[in-house]
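> Next one to model:
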Amino acid sequence: MGDKQKAGYEVADILRKYLPAYRSKHKLSYEQHQAVNAIMACRTPALGGVLLACDHCGHLDFMYKSCKNRHCPKCGSFQKAQWLEAQKLWVLPIQYFHVVFTIDHVFNWLVWHNQEALYSLIIEVAARLLKRYGEEYLGGEIGFSMVLHTWGQTMQAHPHVHFMVTGGALVSSPDGFRWQAAKPGYLFPVIKLSQDFKLAFCADVRKMMDKGSLNTAHGSLDVAGMLAEALSKDWEVYIQAPQYGVDNLLDYLARYIFRIAISNHRIVDIQHGKITFEYYDNRQDGKLKLMTLSAEEFIHRFLLHVLPRRFVRIRHFGLHHPSCRAKLQQTRLLLGLPFKLPIIAKLILLDWLKSILKSETDPRLCPFCQKGLLLPFRPLAPFSGWRITIPWFVKTFLRCPLPAI
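Numbers count the residues shown, from 1 in each chain. Purely as a prediction, here's the structure:
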């Protein structure tokens, strides 16, 4: 018999089983320690929860609390939906472009030792170039939003930034404002942008090296050699108009805001200290394949993508930035939209759940009597080591009365 656990595997299962052995060999950062503890505790008695009681028959149920850690594969769906709703503030009736900036993989270890500084640098250099190109090729101010993405399909280190960019710019002149649309299907000269990104990023890394502000792992990282190798290669910036519209591009970006390197549904098997998961091979037209890693390597790759504390992975620039709301309103007027910005609705969890479940049935419906609703009855503090039934727990441990039936 192997150590296969159950159908429907989770990252939390892997961490509970193999993290102690991993910790005996590897030191975790503060952020990694917080992330793995939250993931293992998520929706378990360790976080406590809420006792639910049916308002018709008195049937009891229990709902565990979520960890709400941004690296947890089980959390973030509702926050993602609310974020998507909020983006309606700046979406315009124009073509948008999906732009991706990727640094050369020769810098991967340097990034690992300087995450906050170099993640920020990738964002700053790419944003600076987009702003400059908007002024140079469209004659005005563009709007763009970005999400930092640090992994590839197999959870390998792959730092890159996804941008959603307006296909046009707000141009200011002595006669007032006008909207300059980009050519259909064309935003900027991509070969030139790729070259400029390579040169600008490497120049800024060299400045950081000269200032001594880079962690080189006690001199074991040859930054000068990395720069020479990176400059000798062609870098590729990706620019494409989204095939399925702005909503799909936004949904694509949102996947990276409230998720980490792998989703639970991709984990196929846990056997004999090996983890098997699905991935799409982009070198073979996105063919679905399986990869098997040792538990140690799986955890190592997973932890590569735990972000520095309070690091903001999504940012807005130009017409999308809050400081440019007046310019955004002017743009809306030029494009035939109301001058007033739309009011962003705050999603109601119950309505959102119905839409996700594609059912008008109240998700709180009691599974026992099918008549009443399971409503919060009493919060329960975190607890561990108990193998008990909820009614016994309520009557014996909490010493509180059951709701009337």
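> all strands for the stretch 201-350 of the chain, in order.
Remark: strands assigned in the stretch 201-350 of the chain by DSSP state E, counting those that start in this stretch are 238-240, 267-271, 274-281, 287-294, 314-318.
> Comparing these, which comes out most buried?
For the strands of the stretch 201-350 of the chain, average neighbour numbers computed from mean count of other Cβ atoms under 10 Å are highest in strand 314-318, which has a mean of 20. C-beta: built from backbone N, CA, C; applies to glycine.
> Just give the number of residues close to the closest residue to E360 other than its chain neighbours.
Residue nearest to E360 in three dimensions, not counting chain neighbours: K354, with 6.2 Å by Cβ to Cβ, 6 or more residues apart in numbering. Close neighbours of K354, defined as other Cβ atoms under 10 Å, add up to 15.
> Can you give me the distance of K354 to V190?
43 Å (Cβ to Cβ, to the nearest Å).
> Please apply the same query to G167.
For G167, the distance to V190 equals 14 Å [Cβ to Cβ].
> S66 too?
Taken as Cβ to Cβ, the span from S66 to V190 is 41 Å.
> Report the beta-bridge partners for G143.
Taking DSSP bridges as the rule, G143 bridges to G318.
> In contact with it, which residues?
90, 92, 165-166, 316-321, 324, 328, 331 (Cβ atoms under 8 Å, 6 or more residues apart in numbering).
> at 7 Å instead, please
By Cβ atoms under 7 Å, 6 or more residues apart in numbering, the residues touching G143 are W90, T166, G318, L319, H320.
> ok, the residue lying closest to Y280 once chain neighbours are set aside - how many residues close by?
Counting by Cβ to Cβ, 6+ apart, G286 is the residue found nearest to Y280 once chain neighbours are left out, at 4.7 Å. The number of residues packed near G286 is 11, by other Cβ under 10 Å.
> Help me confirm that G286 comes into contact with Q153.
No. If you go by Cβ atoms under 7 Å, G286 and Q153 don't touch, sitting 9.2 Å apart.
> Now for these two: what residues contact both?
Y280.
> what sits up against stretch 323-336?
The contact list for stretch 323-336 (Cβ under 7 Å, 6+ apart) reads 90, 92-94, 141, 170, 177-179, 318-319, 338-339, 341.
> at 6 Å instead, please
For stretch 323-336, contacts defined as Cβ atoms under 6 Å, 6 or more residues apart in numbering pick out W90, L92, P93, L170, F177, W179, L319, F339.
> Secondary structure element holding the residue nearest to E360?
Using DSSP states H and E, K354 falls within helix 349-357.
> neighbours of S213, just the number please.
Around S213 there are 10 other residues, counting by other Cβ under 10 Å.
> Ramachandran coordinates for the spatially closest residue to it that is not a sequence neighbour?
Leaving aside its sequence neighbours, S213 sits nearest to A117 (Cβ to Cβ, 6+ apart; 7.2 Å). With angles defined as degrees, to the nearest 10, A117 sits at phi -70, psi -50.
> Test for you: state the pLDDT assigned to I388.
Predicted confidence (pLDDT) for I388: 48.
> oh, I was asking about R283
pLDDT recorded at R283 is 83.
> That one: neighbouring residues, count only.
R283 has 6 neighbours, counted by other Cβ under 10 Å.
> can you pull the buried residues of the longest helix along the chain?
Across the chain, the longest stretch assigned as helix under DSSP state H is helix 190-211. Buried residues in helix 190-211, counted by 16 or more other Cβ atoms under 10 Å: L193, S194, D196, F197, K198, A200, F201, C202, D204, V205, M208, M209.
> Determine which two of those are furthest apart.
Greatest spatial distance among these (Cβ to Cβ): L193 and M209, at 24.4 Å.
> Got the domain ranges for the protein?
If you go by automatic domain parsing, the domain ranges for the chain are 11-70+362-397, 77-261+306-341.
> The ones you listed into CSV, with extra columns for distance to L349?
Shown next, in CSV, are the domains of the chain (distance: least, Cβ to Cβ, whole Å):
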stretch, distance to L349
domain 11-70+362-397, 9
domain 77-261+306-341, 6
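> mind checking which of the ones you listed is nearest F298?
Proximity to F298 (Cβ to Cβ) singles out domain 11-70+362-397 among the domains of the chain, at 6.4 Å.
> can you pull the buried residues of stretch 358-376?
Within stretch 358-376, the residues that qualify as buried are R364, C366, G372, L374, counting by 16+ other Cβ under 10 Å.
> nearest spatial neighbour of the third one, skipping sequence neighbours?
By that I understand G372. Excluding its sequence neighbours, the residue lying closest to G372 (Cβ to Cβ, 6+ apart) is H56, at 2.6 Å.
> For burial, what's the neighbour tally of the one you found?
15.
> Touching, it and L374? I think so.
No. Counting by Cβ atoms under 6 Å, H56 stays clear of L374, with 9.8 Å between them.
> burial count for G219?
G219 - counted by other Cβ under 10 Å - has 7 other residues nearby.
> Quick check, pLDDT for it.
Listed pLDDT for G219 reads 90.
> mind checking how far it is from V106?
In terms of Cβ to Cβ, G219 sits 17 Å off from V106.
> Please produce CSV containing the strands of the stretch 201-350 of the chain, extended by distance to I257.
Below are the strands of the stretch 201-350 of the chain laid out as CSV (distance: least, Cβ to Cβ, whole Å):
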stretch, distance to I257
strand 238-240, 19
strand 267-271, 21
strand 274-281, 20
strand 287-294, 24
strand 314-318, 5
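> who wins for proximity to M226 among those strands?
M226 sits nearest to strand 238-240 of all those, at 22.5 Å, using Cβ to Cβ.
> what packs against the closest one?
strand 96-102 (3 or more Cβ pairs under 6 Å, 6 or more residues apart in numbering; DSSP states H and E).
> So which elements touch whatever helix or strand comes next after the strand it packs on?
Using DSSP H and E, the helix or strand that follows strand 96-102 in sequence is helix 108-113. Taking 3+ Cβ pairs under 6 Å, 6+ apart as contact, there are no helices or strands that helix 108-113 lies on.
> Could you list the residues in contact with helix 108-113?
So helix 108-113 is in contact with L118, A157, P159, N215, A217, L221, going by Cβ under 6 Å, 6+ apart.
> buried stuff in stretch 80-97?
Residues of stretch 80-97 classed as buried by neighbour count (16+ other Cβ under 10 Å): K80, A81, Q82, W83, L84, Q87, W90, V91, L92, Q95, Y96, F97.
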